[in-house]
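Enquirer: Make a model of this:
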Amino acid sequence: MVDARGHRQVPVKINAFVDEAIAPVVRALNRFPRLVTTASCEGAGGVAFQYGDTWQEMVSFCAWLAGELHQRLEEGAHISLNCGRHILTGQFHVEACVRERVVAELDAIASRWEPTSGVLEQYMEDNYA
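Expert: Presented below is the predicted three-dimensional model:
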């Protein structure tokens, strides 16, 4: 990602204060390299995030993660994309009644995630070539 001054931006994981009930979801999402959480709220059950350097990477990651979660959960977690003027932001919503299970599934998925595995590259090639 490049900012308005032309400076290349890189993700850095930092410590931040977040609502206690949504903190496990924020931690689990931050296990994915190149994913940056930008906001969260336990009341809304949501976490805003960005992934990668391009809209194609962001869309591909969201589609891939949604597919992985769909195989493991019947309901309770939702991924959406918000198209802003200059940025594409993901929204991950999880219902409070399944939050612990969603966190466990995210941890399991993240533990085997390798950003260099070619999963997203293959997905992008299949869908955007």
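
Enquirer: which helices and strands does the longest helix anywhere in the chain pack with?
Expert: Ordering each helix of the chain by length in residues (DSSP state H) puts helix 55-72 first. Counting contacts by 3 or more Cβ pairs under 8 Å, 6 or more residues apart in numbering; DSSP states H and E, helix 55-72 is packed against strand 46-51, strand 77-83, strand 88-94, helix 99-111, helix 119-128. In this view, the C-beta of every residue, glycine as well, is placed from N, C-alpha and C.

Enquirer: Show me what the third one pairs with in its sheet, parallel or antiparallel.
Expert: Read that as strand 88-94. Strand pairing for strand 88-94, using DSSP bridges, gives strand 46-51 (antiparallel), strand 77-83 (antiparallel).

Enquirer: Please write out the alpha-carbon positions of that strand in CSV.
Expert: Extracted in CSV, the C-alpha atoms of strand 88-94 (Å, rounded to 0.1, in the frame of the first residue of the first chain):
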residue,chain,number,x,y,z
LEU,A,88,-11.8,-1.2,0.4
THR,A,89,-12.5,-2.2,4.0
GLY,A,90,-13.7,-5.6,5.2
GLN,A,91,-16.2,-6.1,8.0
PHE,A,92,-16.2,-9.3,10.1
HIS,A,93,-19.3,-9.6,12.2
VAL,A,94,-19.8,-12.4,14.7
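
Enquirer: rewinding a little: how about the strands paired with strand 88-94, which one is nearest residue 38?
Expert: strand 46-51 (4.7 Å; Cβ to Cβ).

Enquirer: mind listing what's buried in that closest one?
Expert: Buried residues in strand 46-51, counted by 16 or more other Cβ atoms under 10 Å: 46-47, 49-51.

Enquirer: Could you do stretch 45-64 as well?
Expert: For stretch 45-64, using 16+ other Cβ under 10 Å, the buried residues are 45-47, 49-52, 57-64.
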